[in-house]
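*Asks:* Test case, fold it:
(2 chains)
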2 protein chains.
Amino acid sequence: MSTADRPTPPDRRRVGVALLGCGNVGAALVGLLLDRGDALAVQSGAQLELTGIAVADPSRPRPVHVPTELLTGDAAGMVADPSVDVVVELMGGLEPAGTLVRASLDAGKPVVTANKALLASPAGMALRALARERGVDLLYEASVAGAIPLVRALRESLTGERIDRVLGIVNGTTNFILTRMASDGAAYGAALSEAQSLGLAEADPTADVAGHDAAAKAAILAGVAFGYDVAGADVYCEGITGIDPALVAFAGRLGHAVKLLAVVERVTAAGGPPAASDPGELSVRVHPALVPTSHPLASVNGAFNAVFIEGEAAGELMLYGQGAGGLPTASAVLGDLIDATRNLVAGTTAPAPERTPARLHPSAELRSACCLSVEVDDEPGVLASVTAAFGAHGVSIRSMEQHDGPASGRARLVFLTHLARWGALSATIEDLAGLDTVERVGPAVPVLDVPVPEGGPR
Amino acid sequence: MSTADRPTPPDRRRVGVALLGCGNVGAALVGLLLDRGDALAVQSGAQLELTGIAVADPSRPRPVHVPTELLTGDAAGMVADPSVDVVVELMGGLEPAGTLVRASLDAGKPVVTANKALLASPAGMALRALARERGVDLLYEASVAGAIPLVRALRESLTGERIDRVLGIVNGTTNFILTRMASDGAAYGAALSEAQSLGLAEADPTADVAGHDAAAKAAILAGVAFGYDVAGADVYCEGITGIDPALVAFAGRLGHAVKLLAVVERVTAAGGPPAASDPGELSVRVHPALVPTSHPLASVNGAFNAVFIEGEAAGELMLYGQGAGGLPTASAVLGDLIDATRNLVAGTTAPAPERTPARLHPSAELRSACCLSVEVDDEPGVLASVTAAFGAHGVSIRSMEQHDGPASGRARLVFLTHLARWGALSATIEDLAGLDTVERVGPAVPVLDVPVPEGGPR
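*Replies:* Numbers count the residues shown, from 1 in each chain, chains lettered A, B, ... in the order given. Model (predicted):
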């Protein structure tokens, strides 16, 4: 074992901080560390000293406040440096981030990360287990819902709470798009373009609009709120690309807003909320949903995030704030960094209870009333064949509206179903997509919280 | 020193918990401790054992789940008992709670309390200082906004954050009354009676409706969010008793909701937000305010609480939930109890930074646009004398509405002023109250967040 592998115990008055990655969040964090050094020393019990910033290309121009002498291309060397006591990982992606986080934890150095993709991967679960075994902090407040102090609230304040359900608007891009579609009747494509022009959506928006980003966050929430290890890849995931403005308008007339939700809830194997003594199964999913306008989540608009928590004793809680952006995310990273430093000085760690793999509830077994839009050729007999597809799978229609389609000769049908199995809805959609007269079928958008007397989800 | 004064070090596998008080919250806490023993042991690292429950009258009937053999009238003896490691104080009021908390801290026993009156008193400040000196936890999540994980969020997650302003709806009773006045046009008295019949208001509602309860919470928030010691008695306090339904309706037409807010914000001595380098003065106050309906606080209705935090880096955050009730409050107490136990086992304490007395900003120097209702005799010349009173103090009127009064021969006038010094508004109200033709003057209700080019508060 080389000297570099065996860090000296940290000087109790100075803690060396290595930063991996210097994008928006990293640069904002550097600014906060430089601006607030004295206050941070009081709060953390140690002088935080930024010892290095590992970046892919040290020669690339950076914001003026980033000290160029700290930039390095040698991330692994920096992590191994004995002057480094805490590592902040803001590179994103699975590799080399995963290897560097592992090296840090192996060396007994606490890690603060905002890397939701890594945390929701099997590698992330192994890293959490490693941190636990080694008694080293692995903190990740910034990985879900940016500046919102959600992870610590779930981990510490609500630690005695039995949580029944978590509903999150955890992706600002899609919430912005859905808000524009609701407020202006904008089409999906136009709202997406606007988000892109405002810098709220990437040139390739797939990770956001297909729900993958929210699915990783749902997996992290399943761990923090329910104590189960869930991989992002195992999260049921339906994005917003198929959402029709006619459906959003229809929902509005029904007194509902369409929101992309990350949902984690306990259900019994038979569906429905389990008794207190039953660990039940966990439903972890991302999909657009109809949220009643009277619900606090319905008024979370634009790029804001919010997470609504239903606890047995605490009742209903909601935490709201900025889910992205350099400074807000850096603020969450900084809170964790102070926490990790304080724990290091005190010789303790944040609570990191052991996790068990979740028994995931199959989404096909869920039951909801759903909204569904179908774009059809506007000709006689079409409605009969469309409604026959619903009937073939036992899906009962509660109401229907017909609107002009996007082109002449087309019509848009929007349906609201009675309570139906999600499996039956999927089969209906598959059949509809196979009809010659059907041009496009949107996703089934479940109505949140319809009472379910037959034992389905709430 | 007797043996009872020198507690033996706690057995690391068992932590004795003494409960002071067994009202709604205490009884709910007993239920949670009994129901969730095993889960709590995992979370706290120790078996929590309820060793006694001190009540004023042990012979009084209690809910069936409260073990009668644990009831005692000897609170001081129970606190001193060496088998007690942690004390939970849910008696409320200054004494004997203050003496018992002091005895616990003196004996090195962490205290969890929900006692806002005590915490906001000079005795409470002394107790916090004592806990700091002794290195013993004094935790009080449940003292503000019930189940909302607010205190820990401010103390830990946002510890690196420079907070500019905190706006809280922290009293459910008054929020319920104002919500009813807005939704049904109910008069204040009718809405209060409804709150009383629902058990949301006391028979003597003064502490709630006069704003004293919210003022104690504002003082606690000033400490947790800004690090200043502020006494509840020093908080500027205007309640809702004088709020006229005509003013609530007028506010609604202006696109505002009337909310009773606890406000803590940094201002310069000259008014206005201070620069980062300037500690500034602190304005700590409770008063009804006009909140734009687009603001998240405006849709916090009924008995719910919410606290809106404006941070320099984190941006806007809001935490929402149940502010009262036995179970939600007990849930917050339980979170603190687990925290205190975990810290006791690890030999650490929660961060408790030193506090300094605040330089309080005089409310008379604040500047706002304000709404104001005046009930007058409906006769010629009245409007002239009323508007003259505004003019005499340099308060400029932006708009006015006249409505029928509560009785024939009476009229209600509702004014919206331009930006005005609060001192000038108070003087105007005093003059108006002295006019023969004026029957009643409501409080000046400032409009939240009007841009203030002249350096006043935001």
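*Asks:* any low-confidence regions in chain A?
*Replies:* A:1-12, A:269-279, A:450-458 (pLDDT under 70).
*Asks:* so where's the longest helix in it?
*Replies:* helix A:326-346 (DSSP state H).
*Asks:* That helix near chain B at all?
*Replies:* Yes: using CB under 8 Å from any CB of the partner chain, helix A:326-346 reaches chain B at A:L327, A:P328, A:A330, A:S331, A:A332, A:L334, A:G335, A:L337, A:I338, A:D339, A:R342, A:A346. Bear in mind the C-beta positions are built from the backbone N, C-alpha and C, glycine included.
*Asks:* Include neighbour count when you put those into TSV, please.
*Replies:* Formatted as TSV, the residues of helix A:326-346 next to chain B follow (neighbours: other CB atoms under 10 Å in any protein chain shown):
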residue	neighbour count
A:L327	21
A:P328	27
A:A330	30
A:S331	32
A:A332	35
A:L334	30
A:G335	28
A:L337	28
A:I338	25
A:D339	25
A:R342	22
A:A346	16
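*Asks:* Of those residues, which is the nearest to B:R410?
*Replies:* Nearest to B:R410 among the residues of helix A:326-346 next to chain B is A:P328, at 51.4 Å by CB to CB.
*Asks:* mind listing what the nearest residue to the closest one once chain neighbours are set aside touches?
*Replies:* Counting by CB to CB, 6 or more residues apart in numbering or on different chains, A:A147 is the residue found nearest to A:P328 once chain neighbours are left out, at 3.6 Å. The contact partners of A:A147, taken as CB atoms under 8 Å, 6 or more residues apart in numbering or on different chains, are A:G321, A:Q322, A:G323, A:P328, A:T329, A:S331, A:A332, B:G311, B:A313, B:A314, B:G315, B:L317.
*Asks:* switch the cut-off to 7 Å
*Replies:* A:G321, A:Q322, A:P328, A:T329, A:S331, A:A332, B:A314, B:G315, B:L317 (CB atoms under 7 Å, 6 or more residues apart in numbering or on different chains).
*Asks:* and those residues as TSV, adding distance to A:G302?
*Replies:* Below are the contacts of A:A147 laid out as TSV (distance: CB to CB, whole Å):
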residue	distance to A:G302
A:G321	12
A:Q322	10
A:P328	14
A:T329	17
A:S331	19
A:A332	19
B:A314	17
B:G315	12
B:L317	15
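*Asks:* Quickly check those residues for the two that are furthest apart.
*Replies:* Maximum distance among the contacts of A:A147 (CB to CB): 13.0 Å, for A:T329 and B:L317.
*Asks:* Let me see the domain layout of chain A.
*Replies:* Split into domains by automatic domain parsing, chain A comes to A:3-146+A:327-357, A:169-323, A:363-446.
*Asks:* Ok, which of the ones you listed comes nearest B:G423?
*Replies:* Nearest to B:G423 among the domains of chain A is domain A:3-146+A:327-357; the distance by CB to CB comes to 33.7 Å.
*Asks:* looking at chain A, which residue lies furthest from center?
*Replies:* A:P380 (44.1 Å; CA atoms, centre = their mean).
*Asks:* and it, which of the three is it?
*Replies:* coil (DSSP: H, G, I helix; E, B strand; the rest coil).
*Asks:* Check A:D204 too.
*Replies:* A:D204 - assigned by three-state DSSP - is coil.
*Asks:* Tell me who's in contact with it.
*Replies:* No residues are in contact with A:D204 under the rule CB under 7 Å, 6+ apart.
*Asks:* Kindly provide the distance from it to A:V111.
*Replies:* Applying CB to CB, to the nearest Å, one obtains 29 Å for the distance of A:D204 from A:V111.
*Asks:* Same question for A:A407.
*Replies:* With CB to CB as the criterion, A:A407 and A:V111 are 53 Å apart.
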